[in-house]
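Visitor: Provide a 3D model corresponding to the input given below.
(one chain, ligands or ions: 2)
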Amino acid sequence: MEKTLSIIKPDGVERKLVGEVVKRFEGAGIRVAAMKMVHLTSEQAKLFYAVHRERPFYESLTDFMSSGPIVAMVLEGDDVIQKNRDIMGATNYKEAAPGTIRHDFATDIEKNVVHGSDAPETAKMEIAFFFNSLEIC
Ligand code: IDP
Ligand code: MG
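Guide: Ligands and ions are numbered 1, 2, ... in the order given. Model (predicted):
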């Protein structure tokens with residue numbers, strides 16, 4: 001079984017979309033294997049998004065990601081990395097397909113409600129950033 005990291009970003013938590021997002025994952029047959037709410041410091045958000053440090057939106061993105069609590073989850077299932085990306089929709093909500101989380105709820109290219117790992121290697125690193133092995137059931 002494959003695992004991936006999902007995050008409900010500060011905009012999603014503030015707008016009370018936690019239940020809606022989890023419902024979409026579970027409705028697609030995905031299992032939640034770990035879940036926690038955390039409020040990242042700016043330094044922690046910068047570490048998490050270090051791969052984007054050269055991008056013009058890095059400062060703004062990491063300010064946003066540390067602006068309020070987030071919900072981090074480990075999702076488990078067959079092909080769950082790609083399945084989660086399909087349920088999330090395109091990064092830019094204007095290009096996201098109808099029925100995807102970002103199409104239905106995002107308000108901005110940055111404030112796009114959810115994060116999802118994009119490949120097996122990043123999934124492994126991102127899961128370890130938030131969870132130790134005892135916390136993954
Ligand atoms: P992803 O979240 O769909 O994997 P990435 O390219 O990895 O997209 O970008 C990470 C996050 O950075 C996005 O989810 C979004 O919040 C933000 N972001 C991406 N591109 C832009 C941009 O052009 N302007 C502002 N924020 C952006
Ligand atoms: Mg990404």
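Visitor: From now on I want contacts and neighbour counts done on CA atoms only, so please keep to that.
Guide: Noted.
Visitor: Enumerate the residues of the protein near ligand 1.
Guide: Residues of the chain lying near ligand 1 by CA under 6 Å from any ligand atom: Phe57, Leu61, Ala90, Thr91, Ile109, Glu110, Lys111, Asn112, His115.
Visitor: Now the buried members of the residues you listed.
Guide: The neighbour-count criterion (16 or more other CA atoms under 10 Å) marks Leu61, Ala90, Thr91, Glu110, Lys111, Asn112, His115 among the residues of the chain next to ligand 1 as buried.
Visitor: circling back: from the residues of the chain next to ligand 1, which land in helices?
Guide: Among the residues of the chain next to ligand 1, DSSP state H puts Leu61 in helices.
Visitor: Could I get the residues of the chain next to ligand 1 in JSON lines, plus columns for pLDDT?
Guide: Listed next are the residues of the chain next to ligand 1 as JSON lines, based on pLDDT from 0 to 100:
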{"residue": "Phe57", "pLDDT": "98"}
{"residue": "Leu61", "pLDDT": "98"}
{"residue": "Ala90", "pLDDT": "98"}
{"residue": "Thr91", "pLDDT": "98"}
{"residue": "Ile109", "pLDDT": "98"}
{"residue": "Glu110", "pLDDT": "98"}
{"residue": "Lys111", "pLDDT": "98"}
{"residue": "Asn112", "pLDDT": "98"}
{"residue": "His115", "pLDDT": "98"}
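Visitor: With respect to Ile81, which of the residues of the chain next to ligand 1 is nearest?
Guide: Ile81 lies nearest to His115 out of these, by CA to CA, at 11.3 Å.
Visitor: helix or strand for the residue nearest to that closest one when sequence neighbours are not counted, which one?
Guide: Using CA to CA, 6 or more residues apart in numbering and skipping the chain neighbours, the partner closest in space to His115 is Ile7 (4.9 Å). Assigned by DSSP states H and E, Ile7 falls within strand 2-8.
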